[in-house]
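[1] Pasted the sequence and its predicted model underneath.
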Amino acid sequence: MFLFLFVLPALSSATNYGAVHVSGLLFCNGTPYVNEKIELYEKNYALPDNKLFTARTDSQGNFSVKASGNDWLFKPQVYVYIPNYCVDVVESSYLECGHTVRIYIPDLLSPMGTSPKRRSTWKWSSYGTFEPNKQFQLKIQVLNWTPKRRGGMKEILLLLLLVPILCSARQYGAVHVRGQLLCDGKPYANEKVQLHEKNYVMTDGTVAISETDDQGFFSVKASASDLFTKPKFYLYFVNFCSSKLAESTYMECGYTIRVYIPEMYVAEGNIPKAVFNMEQIEIATAKTEYAGLERIIHPTLSHSECREKKRKP
């Protein structure tokens, strides 16, 4: 926890801020593109792009949009977003559809900072591909901004120094589980058994998959790693035994069962040192276990899984 509090200011100081002011004039076949929406976005390569500002053209087709954005380590990349209803792709009595147009602001016109410096003119035009005689033209005037860097070389070097620390903070764990699954006293044969690692932030990870044999026996082992905390494992299988949630000619559904592995059976490193023998588990009466917030919100979660019915030999 203390290491995380130390890393957080370094990550924050490495954030780069950028601002841009774009003004221009839109035409549609030589006439002003009036009262149409203009948006300014910041490009994001991992998450959906961020909408920074929204405006509309005036009665002469003029517009003016400005905003600031921030990105980690890199300078924000900004673009103007315009729906092109000048050349309709599809039109009906109630709806019209047009191509969307993205115009990226040149990097040299959107440096770091928050105060205006000089004015630059940049022209862009595009001719419709569906109707060549129709022209959609945009003349943009960009106000430049004074560079004020945030997150310089010192912060980057600090991050590089912290990478080995973060890697060394990872904890590895390994587990080996075996047992026998029964369905109303009979072997739960040729059924899938999975080993999962619990994740309290993202989706739980599947670390191993196996199947029971003709007698219902299974053996599954795996290793995983987590940041700062020891990995927590659980056995996962579905109750397609005598009591089913839903059944049709082709499909069947059953409750999902989780059985958490005691921490004493999770060895440090990548090799299991002990076997957690679950012996016999009666599927028909087994109840799932919960951990973390699941204890509170489990009524709102789905606890079933469906599959195609197995064909009898």
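    Sure, I can see it.
[2] Could you point out the bridge partners of residue 304 in the sheet?
    Per DSSP bridges, the residues bridged to residue 304 are residue 255.
[3] In contact with it, which residues?
    245, 253-256 (Cβ atoms under 8 Å, 6 or more residues apart in numbering). C-beta here means a position set from N, CA and C on the backbone, and glycine is covered the same way.
[4] likewise residue 173?
    Shown in contact with residue 173 (Cβ under 8 Å, 6+ apart): 223-226, 230-231, 233, 266-269.
[5] Span of stretch 203-215 from start to end?
    32 Å (Cα to Cα, to the nearest Å).
[6] Touching that stretch from outside, list them.
    180-181, 187-199, 218-224, 233, 236.
[7] and that stretch, which residues are buried?
    207-208, 210, 212 (16 or more other Cβ atoms under 10 Å).
[8] Residue 82: which of these is nearest?
    residue 207 (47.3 Å; Cβ to Cβ).
[9] hmm, which of the contacts of stretch 203-215 are the buried ones?
    Buried by 16+ other Cβ under 10 Å: 180-181, 187-188, 191, 193-198, 218, 220-224, 233, 236, out of those.
[10] Tell me the confidence at residue 160?
    In this prediction, residue 160 carries a pLDDT score of 68.
[11] repeat for residue 124
    42.
[12] which of the contacts of residue 173 are buried?
    For the contacts of residue 173, buried by 16+ other Cβ under 10 Å: 223-224, 226, 231, 233, 266-267.
[13] Quickly note the distance from residue 223 to residue 237.
    20 Å (Cβ to Cβ, to the nearest Å).
[14] sorry, that was for residue 213
    14 Å.
[15] from the buried residues of stretch 203-215, which is closest to residue 40?
    residue 207 (43.8 Å).
[16] For that closest one, what are phi and psi?
    Main-chain dihedrals, residue 207, degrees, to the nearest 10: phi -110, psi -20.
[17] try residue 230
    According to degrees, to the nearest 10, residue 230 has phi -70, psi 140.
[18] ok, it touching residue 263?
    Yes: counting by Cβ atoms under 8 Å, residue 230 does reach residue 263; the two are 7.1 Å apart.
[19] Okay, helices next: where are they in the protein?
    For the chain, the helices defined by DSSP state H occupy 2-13, 153-168, 294-297.
[20] rewinding a little: which among the buried residues of stretch 203-215 gets closest to residue 78?
    residue 207 (41.4 Å).
[21] okay, the closest one: pLDDT?
    According to the prediction, residue 207 has pLDDT 91.
[22] who touches the closest residue to it other than its chain neighbours in this structure?
    Once flanking residues are discounted, residue 207 sits nearest to residue 222: 3.9 Å by Cβ to Cβ, 6 or more residues apart in numbering. Residues in contact with residue 222 (Cβ under 8 Å, 6+ apart) are 174-175, 195, 207-208, 233.
[23] State the distance from residue 222 to residue 231.
    Counting by Cβ to Cβ, the gap from residue 222 to residue 231 is 10 Å.
[24] Residue 17 bridge partners, please.
    Counting by DSSP bridges, the residues bridging with residue 17 are residue 70.
[25] burial count for it?
    Neighbourhood size, residue 17 [other Cβ atoms under 10 Å]: 17.
[26] Verify the contact between it and residue 69 for me.
    Yes: using Cβ under 8 Å, residue 17 makes contact with residue 69 at a distance of 7.5 Å.
[27] Mind listing the shared neighbours of those two?
    Common neighbours of residue 17 and residue 69, counting by Cβ under 8 Å, 6+ apart, are residue 76.
[28] Could I get the contacting residues of residue 287?
    Contacts of residue 287 by Cβ under 8 Å, 6+ apart are residue 257.
[29] Please report how far it lies from residue 218.
    Taken as Cβ to Cβ, the span from residue 287 to residue 218 is 19 Å.
[30] what do you get for residue 68?
    Taking Cβ to Cβ as the measure, residue 68 falls 57 Å from residue 218.
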